[in-house]
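S.K.: below is the sequence, then the predicted model.
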Amino acid sequence: MQNIFHEVPTVKEYLELREEAGLVTPAERDDIAAALSNSLFGVMLRGEDSGIVGMGRIIGDGGCYFQIVDVIVKPAFQETNAGDMLMFEILDYLHQNAPQEAQILVVSDLAGLQFYQKQGFKLIYPDYYGMTLKR
């Protein structure tokens, strides 16, 4: 049995989950702490032992733009409905809190495209092009 909590992980939990999922650490610990504390919404999926199974967050300005980030599920649980459970909570929050005309964004690697498309997201190309700038 897994339990849903509307919270963000600790920095330690976040780093451990990313490492177990094979993801690169995006920043220094202080920057991660700031990022987590500035989340608009967080959802955690925990096992019976209260250990983290997966997480997801929403960041943005709270009015016009909302971005879904850090939807991560431990590899041992990726063939379950854990990702869908996280997205249900994230989308429910957005339906209740995001204005009708708000832009809801998600950036995905190739492996995650079908997962997000299953949730109702559409590719933006060729109408728009996504870009990034690394400092």
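M.R.: Here it is on my side, so go on.

S.K.: pull the number of nearby residues for the residue nearest to V106 when sequence neighbours are not counted.
M.R.: Leaving out its chain neighbours, the residue that sits closest to V106 by CB to CB, 6 or more residues apart in numbering is I68, at 4.4 Å. Backbone N, C-alpha and C define where each C-beta goes, glycine included. Close neighbours of I68, defined as other CB atoms under 10 Å, add up to 24.

S.K.: contacting residues for I68?
M.R.: 56-58, 90, 104-106 (CB atoms under 8 Å, 6 or more residues apart in numbering).

S.K.: report the secondary structure state of it.
M.R.: Here I68 is recorded as strand under DSSP: H, G, I helix; E, B strand; the rest coil.

S.K.: that one pairs with what?
M.R.: Legend: beta-bridge partners of I68 under DSSP bridges are I58, V106.

S.K.: tell me where this protein has strands.
M.R.: 3-5, 41-46, 52-60, 65-73, 103-106 (DSSP state E).

S.K.: now tabulate those in a markdown table and tack on mean pLDDT.
M.R.: Converted to a markdown table, those look like this (pLDDT from 0 to 100):
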| stretch | mean pLDDT |
| --- | --- |
| strand 3-5 | 96 |
| strand 41-46 | 98 |
| strand 52-60 | 97 |
| strand 65-73 | 97 |
| strand 103-106 | 96 |
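
S.K.: same list (those) but as a markdown table, adding distance to L86.
M.R.: Shown next, in a markdown table, are the strands of the chain (distance: least, CB to CB, whole Å):
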| stretch | distance to L86 |
| --- | --- |
| strand 3-5 | 8 |
| strand 41-46 | 6 |
| strand 52-60 | 4 |
| strand 65-73 | 6 |
| strand 103-106 | 12 |
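
S.K.: right, so of these, which gets closest to A27?
M.R.: Closest approach to A27 among these (CB to CB): strand 65-73, 12.0 Å.

S.K.: quick one, the closest one and strand 41-46 angle?
M.R.: Going by axes from the mean of the first three to the mean of the last three CA atoms, to 10 degrees, strand 65-73 is angled at 10 degrees with respect to strand 41-46.

S.K.: what is the mean pLDDT for stretch 115-133?
M.R.: Across stretch 115-133, pLDDT averages out at 90.
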